[in-house]
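**Q** okay, here's the prediction I keep looking at, along with the sequence it came from:
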Amino acid sequence: MGKTKIEDVLTLTESTYTHIAQGQPLKVTERMTPEAAQELQPETLTRVWDQVVAELGKFLSCTDTHAQTSDGTVLPEDEEVLGTVIGVTTLRFEAGQMMGRVAINFEGNIAGILIIDPSSTSYPF
């Protein structure tokens, strides 16, 4: 089992949402675990994204991207860790923001994706 570079987690987190925003959900699903890919089909990713855009307007950018452990400990960019890491980013839209969370397993694959209200304090990962 190899270590995951936090720098790679940050890049994968932002590219996940950028690819979905650009209408390229297959670039996201090809980086997923088989279980996640079965649950989060390209059509599902597109449908959810379109709902967010309908509510908040055009996607502008990812900001404040960082990585953390499942207990919320923020990890330094230059670190390497074993196990699942959560990439967290603020998704900025014309009329508001959402929180993006990407669970990345020890193999560097996406194990889960969330788009949630930034005021949420309870989430599965």
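**A** Perfect, thanks for sending it.

**Q** Glu35: what's it in contact with?
**A** Ala111 (Cβ atoms under 8 Å, 6 or more residues apart in numbering). Using the backbone N, CA and C atoms, a C-beta is placed for each residue, glycine as well.

**Q** so how far is Glu94 from it?
**A** 34 Å (Cβ to Cβ, to the nearest Å).

**Q** so for the spatially most central residue of the chain, what's the pLDDT?
**A** The chain has Val102 as the residue nearest its centroid, 3.0 Å off, counting by Cα atoms, centre = their mean. Note on Val102: pLDDT of 98.

**Q** cool, and the one 4 residues further on?
**A** At Phe106, the model reports a pLDDT of 90.

**Q** in which helix or strand would I find it?
**A** In this structure, Phe106 sits in neither a helix nor a strand according to DSSP states H and E.

**Q** what are the ranges of the helices in this structure?
**A** Secondary structure of the chain by DSSP state H: the helices cover 6-21, 25-29, 34-39, 42-56.

**Q** wait, which of those is closest to Glu77?
**A** helix 6-21 (5.3 Å; Cβ to Cβ).

**Q** show residues contacting the closest one.
**A** 25, 27-28, 31, 45-46, 49, 59, 62, 65-67, 75-81, 85, 87-89, 91, 100, 102, 104, 108, 110, 113.

**Q** let me see the contact set for Ile116.
**A** 98-99, 101, 123.
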